[in-house]
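Asks: next input, structure requested:
(one chain, ligands or ions: 1)
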Amino acid sequence: MTLRHDWSYEEVARLLEQPLMDLVFEAQRLHRQHFAPNQVQTSTLLSIKTGACPEDCKYCPQSGHYNTGLDKEKLIEVEKVLKQASKAKEAGATRFCMGAAWKHPSRKDMPYVIEMVKGVKAMGLETCMTLGMLQPEQADALAEAGLDYYNHNLDTSPEYYRSIITTRSFQDRLDTLDHVRKSGMKICSGGILGMGETQNDRAGLLVSLANLKPHPESVPINQLVAVPGTPLEDADPIDPFDFIRTIAVARIMMPESHVRLSAGRENMSDEMQALAFLAGANSIFYGEKLLTTSNPDADADRLLFKRLGIEPEPLAASAHCSKPDETLPESAPVSPQSPLFYDACEAQA
Ligand code: SF4
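Replies: Take a look at the predicted model:
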């Protein structure tokens with residue numbers, strides 16, 4: 001099928017309003033054309049620099065603008081990162097994601113970050129980072145060091161963006177994604193639902209993502225975790241069925257991308273998660289924590305997978321979209337258990 005990059009708000013708004021059963025059925029039908037239906041991709045995430053971020057994202061406990069009681073940490077040492085990556089590999093992780101709470105990496109931080117990428121890559125792991133905005137030469141340097149994925153979320157629609165973040169523009173985000181794409185890295189980019197946005201804003205977010213050419217390889221759909229101390233601490237939660245609708249429409253619009261059920265999963269019942277998988281989600285942050293917000297622990301995830309007959313997606317399939325008729329290895333091993341490891345992937349950052 002031909003992938004589209006010319007979606008309009010009206011068209012996507014109509015999709016979001018379809019009867020839920022029709023929408024989920026269509027999403028699952030497309031999902032099966034592009035992915036093994038009973039596999040979900042899982043990865044491991046390490047926070048390499050926590051808190052004191054100069055950005056003012058209203059949802060984020062790591063922003064230095066809000067007092068959320070978060071323990072701040074400086075950039076952690078390269079050796080510590082490599083040690084944790086080594087442990088992750090021993091425990092069977094296939095992708096190692098590193099997240100830093102920065103507006104952008106500084107000149108002095110880049111050599112350390114590059115060493116982290118090179119070291120983790122040399123272990124035979126897939127690499128992923130989220131470091132904030134990048135200049136073209138920074139994206140090139142990361143790509144050259146071996147960075148496979150860069151996470152940079154669009155968060156919400158262009159129209160609602162200023163209500164959520166004032167320290168950067170929507171265009172800044174698009175510019176970084178452009179630099180990442182031109183450097184040859186894969187893109188992980190999605191958004192957050194439940195921040196007071198309208199259904200039209202959800203359409204705007206999905207249009208902005210799906211009209212990127214090519215589509216982001218990974219599309220995290222987060223449900224707001226309303227952290228006390230952030231301006232969105234009292235935000236009304238999104239209707240769970242609207243959340244499922246957004247997952248289904250993301251799957252329909254970007255049929256070859258991994259749609260990631262991301263932050264907020266801890267607040268979802270097993271049944272809700274199963275419905276999200278049925279609607280086309282096929283990737284999760286797996287383990288105890290998601291950067292600074294808690295995440296269902298690994299045992300609960302393993303149990304849920306077992307109950308649903310789902311297996312972790314193997315590396316070969318997650319590195320590129322798998323077709324149902326491809327021969328896939330049995331299953332990928334599960335994640336390490338360590339205070340620094342979250343069997344998860346790109347972050348809400
Ligand atoms: S979401 Fe990212 S950029 Fe925004 S405040 Fe949090 S760490 Fe900083």
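Asks: buried ones in stretch 253-269, by neighbour count?
Replies: Across stretch 253-269, burial judged by 16 or more other CB atoms under 10 Å covers 253-268. To be clear about C-beta, it is placed using only N, CA and C from the backbone, and glycine gets the same treatment.
Asks: likewise stretch 137-145?
Replies: Across stretch 137-145, burial judged by 16+ other CB under 10 Å covers 138-143, 145.
Asks: inside helices: which ones of those?
Replies: Those of the buried residues of stretch 137-145 mapping onto helices are 138-143, 145, per DSSP state H.
Asks: give me the contact status of stretch 142-160 with the ligand.
Replies: No - using CB under 6 Å from any ligand atom, we find that stretch 142-160 stays clear of the ligand, coming within 7.9 Å at best.
Asks: buried sites along that stretch?
Replies: Counting neighbours by 16+ other CB under 10 Å, one finds that the buried residues in stretch 142-160 are 142-143, 145-158, 160.
Asks: could you list which of the residues you listed belong to strands?
Replies: Under the assignment DSSP state E, those contribute 149-151 to strands.
Asks: part of a strand, is S47?
Replies: Yes - according to DSSP: H, G, I helix; E, B strand; the rest coil, S47 belongs to a strand.
Asks: how close does it sit to L131?
Replies: Distance of S47 to L131, given as CB to CB, to the nearest Å: 12 Å.
Asks: could you do F243 as well?
Replies: Using CB to CB, one gets 28 Å for the distance from F243 to L131.
Asks: then E17?
Replies: E17 is 37 Å from L131, by CB to CB.
Asks: who's more crowded, these two?
Replies: Between E17 and L131, L131 has the larger neighbour count (other CB atoms under 10 Å), namely 26 against 11.
Asks: surely the more buried one and A100 touch.
Replies: Yes - between L131 and A100 a contact is recorded at 4.9 Å, counting by CB atoms under 8 Å.
Asks: now do the shared contacts for these two.
Replies: Residues touching both L131 and A100 (CB atoms under 8 Å, 6 or more residues apart in numbering): V113.
Asks: for the helix or strand harbouring D301, packing partners?
Replies: For D301, the enclosing helix or strand under DSSP states H and E is helix 298-308. Applying 3 or more CB pairs under 8 Å, 6 or more residues apart in numbering; DSSP states H and E, we find helix 298-308 packed against helix 270-278.
Asks: so where is this protein shaky, pLDDT-wise?
Replies: Applying pLDDT under 70 to the chain picks out residues 91-93, 286-298, 315-349.
Asks: try it again with 80
Replies: Scanning the chain for pLDDT under 80 picks out the ranges 1, 42-44, 70-73, 87-94, 263, 285-301, 314-349.
Asks: what separation is there between the most centrally placed residue in it and M1?
Replies: With distances taken as CA atoms, centre = their mean, P220 lies nearest the centre of the chain, 3.6 Å away. Per CB to CB, P220 is found 23 Å from M1.
Asks: with S183 instead?
Replies: From S183 to M1 the distance is 28 Å (CB to CB).
Asks: would you mind telling me which of these two has more residues around it?
Replies: S183 (19 against 8).
Asks: hang on, the more buried one packs against P136?
Replies: Yes - judged on CB under 8 Å, S183 makes contact with P136 at a distance of 7.4 Å.
Asks: what touches both of those two?
Replies: Counting by CB under 8 Å, 6+ apart, S183 and P136 have no shared contacts at all.
Asks: would you mind listing what in the stretch 1-150 of the chain touches the ligand?
Replies: Neighbours of the ligand within the stretch 1-150 of the chain, by CB under 6 Å from any ligand atom: 53, 55, 57, 60, 62-63, 101, 132.
Asks: who are the contact partners of the residue in the stretch 101-250 of the chain that the ligand sits nearest to?
Replies: Using CB to the nearest ligand atom, the single residue of the stretch 101-250 of the chain nearest to the ligand is A101, 3.6 Å away. Contacts for A101 (CB under 8 Å, 6+ apart) come out as 47, 49-53, 62, 349.
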